[in-house]
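# Fold the following and give me the result.
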Amino acid sequence: MAACVKQISSATVMSVLKYEDLIPEMEKAMSKVSSMAESGVDQPVRTVVKIKPADGYLGVMPVYSQYDNLLAAKLLCFYPHNSLQQEPSHYAIIMVFDAKNGAPKAMVDGDKITEMRTAAVSAVATKYLSPADPQVLAILGSGVQARSHCIAMRKIYPFKEVRIWSRNFANAEKLAKEMNGLACKTAEEAVSGADVINTVTSSPIPIIKLEWIKPGAHINAVGACRYDWNEIDPAIMQAAVVYVDSKDAAVKESGDIIMSKAEIYGELGEMILGVKEAKRDQLTVFKSLGLAIQDAVAAKMVLDRTE
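Numbers count the residues shown, from 1 in each chain. The predicted structure follows:
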C-alpha cells in the first residue's frame with residue numbers, strides 16, 4: 001500500500017500553486033468552516049504535543065470536508081529557536097486520504113503550503129476589512145511569512161508603499177530590496193499611517209502599540225501562535241473589531257485573544273457569508289491561527305494539478 005502513496009515535494013507545490021487561484025479557494029474554504037450546515041466540515045482544534053527541551057511542539061490537524069469529499073491531516077513541528085541555527089521554525093507534511101475508503105493517497109510537503117495558504121487567508125481578510133483604496137502596507141517580520149504576505153497582499157491591492165521592519169535590520173533590508181519596499185528601523189516607523197499591517201514575527205511579547213496605529217487600519221495578526229504569546233498590544237485588541245478564523249481555536253490557542261480578554265466579533269467565514277458585518281471603517285484585527293481545512297484544500301489543488 002505504501003508504494004501507492006504519491007509523494008509531492010516542495011518544488012512541485014511551488015510550481016503548481018499560485019496565489020491567483022489559492023486566494024479565492026481559501027475564501028470558499030473559510031465560508032464552509034462557518035456555514036451552519038450540519039457535518040459540512042469536521043475539524044477539531046489541533047492536538048498539541050509539547051517538546052519541552054526545544055520549547056516547541058508537534059501539532060496534529062485532521063479535517064473531513066463533506067463539501068469536497070476531502071479527508072486529510074497535517075503534522076506540524078514548531079521549533080521556535082531553530083532560527084538561531086539558521087533553520088526553519090516550522091516543518092510540516094500533509095497526508096491526503098481517499099474519503100471513500102480511508103486509503104492514503106498522497107503525502108504532500110506542507111512547508112510551502114503552510115506559507116502560501118496563511119498569506120492567502122490574510123489576503124481574504126484584507127479584501128473585506130482594509131480601508132477603501134489602501135495605499136500603505138506594513139510588514140513586521142522578515143521570514144518566509146513576511147515574504148509570502150508581501151506577495152499575497154499585492155494580489156489584492158496595488159499598494160504604493162510597502163514598509164518592512166524586523167528586529168534584524170539587515171534582514172528587513174534584504175526583503176525590502178527583493179520586494180521593492182522600504183526597510184524601517186523601528187516598528188513604529190513601519191506602522192505609522194499604514195492602512196494594512198501584517199504582524200508575522202516570532203515575538204512572544206507585543207511589538208506594536210495602539211497610539212502608533214492609524215484610525216480605521218486593518219491588522220492581520222499572524223504570529224503569536226501559542227496561548228502564552230501575544231504579538232499585539234492588548235490595548236489594540238480591546239479597541240479593535242476582532243475577527244478570527246475559528247472561535248473554538250482562538251479561545252484556546254491564541255495568546256492575543258486570551259491575554260487581552262478581547263471580545264471576538266465574528267469568524268472570517270461568517271463575514272464572507274454576510275452573517276457578520278465587515279466593519280472596514282473601524283480598526284479591525286484578523287487573528288489567524290491556521291486551520292486544517294486550509295491545508296487540505298491547498299493540498300487537493302496541488303494533487304489535482306499533478307495528476
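# those helices in the protein, which residues are they?
Here the chain has its helices, by DSSP state H, at 10-16, 19-33, 111-129, 144-156, 169-179, 187-191, 234-239, 247-253, 255-260, 268-273, 292-306.
# Single out the most deeply packed of those.
When you average the neighbours per residue for each of the helices of the chain (mean count of other C-beta atoms under 10 Å), helix 111-129 leads with a mean of 25. (Each C-beta comes from the backbone N, C-alpha and C, glycine too.)
# before we move on, back to that, with distance to Leu58 and mean pLDDT as new columns, can the helices of the chain be given to me in CSV?
Conversion of these to CSV gives the following (distance: least, C-beta to C-beta, whole Å; pLDDT from 0 to 100):
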stretch, distance to Leu58, mean pLDDT
helix 10-16, 20, 96
helix 19-33, 23, 96
helix 111-129, 14, 97
helix 144-156, 20, 97
helix 169-179, 27, 97
helix 187-191, 31, 98
helix 234-239, 28, 98
helix 247-253, 15, 94
helix 255-260, 19, 95
helix 268-273, 26, 96
helix 292-306, 15, 96
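# Quick one, which of the ones you listed gets closest to Asn198.
Nearest to Asn198 among the helices of the chain is helix 144-156 (4.6 Å), distances taken as C-beta to C-beta.
# Run the angle between the closest one and helix 19-33 for me.
100 degrees (axes from the mean of the first three to the mean of the last three C-alpha atoms, to 10 degrees).
# From the chain's centroid, how far away is helix 144-156?
Between the centre of helix 144-156 and the centre of its chain there are 11 Å (C-alpha atoms, centre = their mean, to the nearest Å).
# Identify the residues contacting it?
Helix 144-156 is contacted by residues 19-20, 23, 88, 115-116, 118-120, 122-123, 126-127, 130, 137, 139-140, 159, 162, 164, 166, 175, 178-179, 181, 196, 198, 200, 220, 222-223 when judged by C-beta atoms under 8 Å, 6 or more residues apart in numbering.
# The same query, at a cut-off of 7 Å, please.
19-20, 23, 115-116, 118-120, 122-123, 126-127, 137, 139, 159, 162, 164, 175, 179, 181, 196, 198, 200, 222 (C-beta atoms under 7 Å, 6 or more residues apart in numbering).
# cool, and stretch 120-133?
19, 22-23, 26-27, 30, 149, 152-153, 155-157, 195-196, 198, 216-218, 220, 222, 243, 245, 268, 271, 278, 280, 284, 286, 288, 294.
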